[in-house]
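**Student:** predicted model and sequence follow; I will ask about them next.
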Amino acid sequence: MKPRLISRLHPFPPPQILRNVLALQQSVKTLVDDPSEADFQRGRTFWNLFFGGPDELLATLKIGKPQFAFEEVRRDVSLSFPFS
């Protein structure tokens, strides 16, 4: 997932987006030889952080090693606050 390609978020509810990520993962598993190549855990983690809100995102950034690059976090924040 390239965060710079996400310009705005369609108003789907969080469970539907996470279900779509799972459906995409299952589809990709049928196309590749090695099912471990179709691991979408990072994408699910990104969306769970997004739907947790800015407070959860900042709390996650404060503890441990960051899982996402600065550009990904910046895009997450800009999607959370569309006026910025």
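**Tutor:** Here it is on my side, so go on.
**Student:** in which helix or strand would I find the residue nearest the centre of the chain?
**Tutor:** By C-alpha atoms, centre = their mean, the mean C-alpha position of the chain lies nearest to F46, the distance being 2.8 Å. Assigned by DSSP states H and E, F46 falls within helix 41-52.
**Student:** please state the offset of that helix from the chain centre?
**Tutor:** The chain centre lies 4 Å from the centre of helix 41-52; the measure is C-alpha atoms, centre = their mean, to the nearest Å.
**Student:** mind listing what's buried along it?
**Tutor:** Using 16 or more other C-beta atoms under 10 Å as the test for burial, helix 41-52 gives G43, F46, W47, L49, F50. Just so you know, the C-beta spots here come from the backbone N, C-alpha and C atoms, and that holds for glycine as well.
**Student:** would TSV of those with distance to S27 and pLDDT be doable?
**Tutor:** Formatted as TSV, the buried residues of helix 41-52 follow (distance: C-beta to C-beta, whole Å; pLDDT from 0 to 100):
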residue	distance to S27	pLDDT
G43	14	83
F46	19	82
W47	17	82
L49	24	81
F50	22	79
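**Student:** got the CA positions of the helix holding F46 in PDB?
**Tutor:** C-alpha atoms of helix 41-52 as PDB (Å, rounded to 0.1, in the frame of the first residue of the first chain):
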ATOM      1  CA  GLN A  41      -0.900  -8.000   8.500                       C
ATOM      2  CA  ARG A  42       0.800  -4.700   8.000                       C
ATOM      3  CA  GLY A  43      -2.200  -3.300   6.100                       C
ATOM      4  CA  ARG A  44      -4.600  -4.500   8.900                       C
ATOM      5  CA  THR A  45      -2.400  -2.900  11.500                       C
ATOM      6  CA  PHE A  46      -2.400   0.400   9.600                       C
ATOM      7  CA  TRP A  47      -6.200   0.500   9.300                       C
ATOM      8  CA  ASN A  48      -6.600  -0.500  13.000                       C
ATOM      9  CA  LEU A  49      -4.400   2.400  14.000                       C
ATOM     10  CA  PHE A  50      -6.300   4.700  11.700                       C
ATOM     11  CA  PHE A  51      -9.700   3.600  13.100                       C
ATOM     12  CA  GLY A  52      -8.300   3.900  16.700                       C
END
